[in-house]
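Chemist: next come a sequence and a model predicted from it.
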Amino acid sequence: MTENKVIVEAIGLTKTYGSNGEEVHALDNVNFRIHQAEFVAVMGPSGSGKSTLLNMIGALDKPTTGKVIIAGHDMAQQRDLDSFRARTVGFVFQMHNLIPTLTATENVTVPMQGQGGSERTQRQRAEELLDMVGLKGRGHHLPAQLSGGQRQKVAIARALANKPAIILADEPTGNLDSISGDEVLNVFDTLHSEHGTTIMIVTHDPRVARRTHRILMMKDGKIIHEDIVGDVYTEDLKVLARSDFGQAMLNGSLVNTLNDAERDVMRQVLERIAHENQISRTPG
Ligand SMILES: Nc1ncnc2c1ncn2[C@@H]1O[C@H](COP(=O)(O)OP(=O)(O)OP(=O)(O)O)[C@@H](O)[C@H]1O
Ligand SMILES: [Mg+2]
């Protein structure tokens, strides 16, 4: 298999806020790569540095030391960082940040300003992007006329405006109920699976993370663990294996409570877990 090109490379990233003994080490020597068409989740407790990391990658803020290379370009070497950012990354935040007086279509064209193209082609592209996120025919609506989930979809379309190398999403479903949240996640899934969009998503929700390829787990400004996500069935088995019930299964103390058929299923599950445990220890 040929390896996809590297879209993001973080080398020795640190970010220290404050000074004179009041320092917060928000990022502490973070190193990783994201390849084209990857779908990566960033998880970890509050304050572990997830948003700081995303902001460094998206050039919203500068690292204290270390480098971010995006699509082969060293961020620190860019003379016009605003323009570089507009062309290279698309942000989706927890708050949709749409302009309330502009229609959905107009909101999507905002990042296209100054990037060339006539007003007509910009509007046309915006309509196509709204179609892609499942909002065909809703382009003339103002944000107030859309549901929370729909507004977030407009925000995703806006993030795609300039064909960025990567979409960076910081808890994009954090303000939504679970049904709208799922719909927004479906949009990310589709973008990834049908359009090969490279996506990095910060989330507290294990269900969200499970829909990605790879989970970077952060703690105290470091990536402490990296997990390759398997298929849904495998992931369910891993969750089961880590639970008290799964542990009881594994140490055999439940066996006497089962009938023959159940014991048979159990044996298959245990074999599968043992197999998966071996696989997940092999670097992907
Ligand atoms: N502008 C700032 N000035 C000082 N400290 C900051 C600043 N921004 C973030 N921090 C600190 O850096 C650390 C990491 O913050 P960050 O926002 O990246 O965490 P997070 O993982 O995104 O948390 P959450 O899950 O709550 O969003 C925290 O200790 C935070 O207080
Ligand atoms: Mg955050």
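Modeler: Cool, got the structure. Numbering: from 1, shown residues only. Ligands and ions are numbered 1, 2, ... in the order given.
Chemist: so where's the protein shaky on pLDDT?
Modeler: 1-3, 231-239, 241-242, 247, 249-259, 261-266, 269, 272-284 (pLDDT under 70).
Chemist: repeat that with 80
Modeler: Low-confidence segments of the chain, defined by pLDDT under 80: 1-3, 19-21, 229-284.
Chemist: near ligand 1, which residues of it are found?
Modeler: By CB under 6 Å from any ligand atom, the part of the chain that sits against ligand 1 consists of 17-18, 24, 26, 44, 46-52. In this view, the C-beta of every residue, glycine as well, is placed from N, C-alpha and C.
Chemist: and for the residue most central in space within the chain, nearest residue in space, chain neighbours not counted?
Modeler: The C-alpha lying nearest the average C-alpha coordinate of the chain belongs to residue 201 (CA atoms, centre = their mean; 1.5 Å). Nearest residue to residue 201 in three dimensions, chain neighbours excluded: residue 169, at 4.4 Å (CB to CB, 6 or more residues apart in numbering).
Chemist: wait, that neighbour touches residue 191, no?
Modeler: No - under the criterion of CB atoms under 8 Å, residue 169 is not in contact with residue 191, lying 10.5 Å apart.
Chemist: same drill for those two, tell me which one is more crowded.
Modeler: residue 169 (26 against 20; other CB atoms under 10 Å).
Chemist: quick one: the helix or strand harbouring residue 55 to chain centroid distance?
Modeler: For residue 55, the host element (DSSP states H and E) is helix 50-57. Relative to its chain's centre, helix 50-57 lies at 12 Å (CA atoms, centre = their mean, to the nearest Å).
Chemist: circling back: list the helices and strands the one helix or strand the residue nearest to the centre of the chain maps to packs on?
Modeler: Residue 201 is part of strand 199-202, with elements assigned from DSSP H and E. The contact analysis (3 or more CB pairs under 8 Å, 6 or more residues apart in numbering; DSSP states H and E) places strand 199-202 against strand 39-43, helix 50-57, strand 166-170, helix 178-195.
Chemist: how about CSV for those, with distance to residue 133 added?
Modeler: CSV is the format used below for the helices and strands packed on strand 199-202 (distance: least, CB to CB, whole Å):
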stretch, distance to residue 133
strand 39-43, 16
helix 50-57, 21
strand 166-170, 12
helix 178-195, 5
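Chemist: among these, which is nearest residue 118?
Modeler: Residue 118 lies closest to helix 178-195 among the helices and strands packed on strand 199-202, at 24.2 Å (CB to CB).
Chemist: just the CA trace of the closest one, in CSV.
Modeler: Extracted in CSV, the C-alpha atoms of helix 178-195 (Å, rounded to 0.1, in the frame of the first residue of the first chain):
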residue,chain,number,x,y,z
SER,A,178,-27.5,13.7,20.4
ILE,A,179,-29.7,13.5,17.3
SER,A,180,-28.4,16.7,15.7
GLY,A,181,-24.9,15.8,16.9
ASP,A,182,-25.2,12.5,15.0
GLU,A,183,-26.3,14.3,11.9
VAL,A,184,-23.4,16.6,12.0
LEU,A,185,-21.1,13.6,12.5
ASN,A,186,-22.6,11.9,9.5
VAL,A,187,-21.5,15.0,7.5
PHE,A,188,-17.9,14.5,8.7
ASP,A,189,-18.2,10.8,7.9
THR,A,190,-19.4,11.5,4.4
LEU,A,191,-16.8,14.2,3.7
HIS,A,192,-14.2,11.7,4.8
SER,A,193,-15.4,8.6,3.1
GLU,A,194,-16.8,10.1,-0.1
HIS,A,195,-14.5,13.1,-0.6
